[in-house]
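Student: What follows is a predicted protein model with its sequence.
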There are 2 protein chains.
Amino acid sequence: MKSQVQGQALSDLRQKSEGVASLLKHLSHPPRLLILCALAEGELSVGDLEQACGASQSSVSQFLKAMKMEGLVEARRDGKQVYYKIADQRVVKLMKSLYQIFCR
Amino acid sequence: MKSQVQGQALSDLRQKSEGVASLLKHLSHPPRLLILCALAEGELSVGDLEQACGASQSSVSQFLKAMKMEGLVEARRDGKQVYYKIADQRVVKLMKSLYQIFCR
DNA sequence: TTAATATATTATTATATCATAATATAAAGA
DNA sequence: TCTTTATATTATGATATAATAATATATTAA
């Protein structure tokens, strides 16, 4: 029985390397990883995310903009606040995997 | 029953965000992702990896050096060739997860 | 010892990303 | 309308990363 990561299986990942690498780039920076950690628990406002990741308002807003452009998150305004949540379920799965691999 | 990615569980990942983000940075660039894809199948020479990822000899060597410094891969010389393999089993697990999430 | 091959190193330039400051917009309340 | 609060945008300089070229090292074989 073949491993998941072998033969044809892996070449699938190869074909998708541009997109997957692009997505992973958002996770490859501590404040952005923390933002997605926090969002994996549910919807949060920009201010909440500033607290969660320790970056400045401007930085958080810029990170969220980039993630939104990539389709990772989506935004909803409620009064003065804007709430973000994860829009790509693959990101949720990935966060769970990261937890399993690095926090067990 | 709690999700894996909630409460205390997530704060574990938060504590480790520097290290995890640093590891993910190596995966966040297509040629490096392809190198680790290829190595997930087993040990390969630098020349093999040049083929697998399409980057230049110098680039591949530099990428491998960085990955080795981070403990992701290890090297063994056999004659003129140097063979690399994945040294950190978390990387193998991560490649399997990436396959499951992005290639299913 | 010389030549050929595989890999590593160094230097350099180009590009991308990060962090910050300053300013702008949008909503709510006085 | 004016102020306050929350978020977004823009511009900038600093730093990091990427890609390339040139050179160095190590191994093998002639």
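Tutor: Cool, got the structure. Residues are numbered from 1 along each chain as shown, chains lettered A, B, ... in the order given.
Student: Please count neighbours and contacts with C-alpha atoms only from this point.
Tutor: Fine.
Student: After the helix or strand of chain A with the lowest mean pLDDT, heading C-terminal, what element do we hit next?
Tutor: Across the helices and strands of chain A, mean pLDDT, DSSP states H and E gives its lowest value to helix A:7-15, namely a mean of 62. For helix A:7-15, the succeeding helix or strand toward the C-terminus, using DSSP states H and E, is helix A:17-27.
Student: So which residues make contact with that next one?
Tutor: A:32-33, A:36, A:67, A:70, B:21, B:24-25, B:27-30, B:33-34, B:102 (C-alpha atoms under 8 Å, 6 or more residues apart in numbering or on different chains).
Student: who wins for most neighbours among these?
Tutor: B:Leu27 (28 neighbours; other C-alpha atoms under 10 Å in any protein chain shown).
Student: In contact with the closest residue in space to A:Phe63 that isn't next to it in sequence, which residues?
Tutor: Here the nearest residue to A:Phe63 in space, its sequence neighbours aside, is A:Arg32; by C-alpha to C-alpha, 6 or more residues apart in numbering or on different chains that works out to 6.9 Å. The neighbourhood of A:Arg32, defined by C-alpha under 8 Å, 6+ apart, consists of A:His26, A:Cys53, A:Phe63.
Student: got it, and A:Ser56?
Tutor: A:Glu50.
Student: Against chain B, how distant is the most centrally placed residue in chain A?
Tutor: Residue closest to the mean C-alpha point of chain A, counted by C-alpha atoms, centre = their mean, is A:Leu36 at 4.4 Å. A:Leu36 sits 10 Å away from chain B, going by C-alpha to the nearest C-alpha, to the nearest Å.
Student: Just read off the phi/psi values of the closest residue to DNA strand C within chain A.
Tutor: Of all residues in chain A, the one sitting closest to DNA strand C is A:Gly79 (3.2 Å; C-alpha to the nearest atom of the strand). With angles defined as degrees, to the nearest 10, A:Gly79 shows backbone torsions of phi 70, psi -130.
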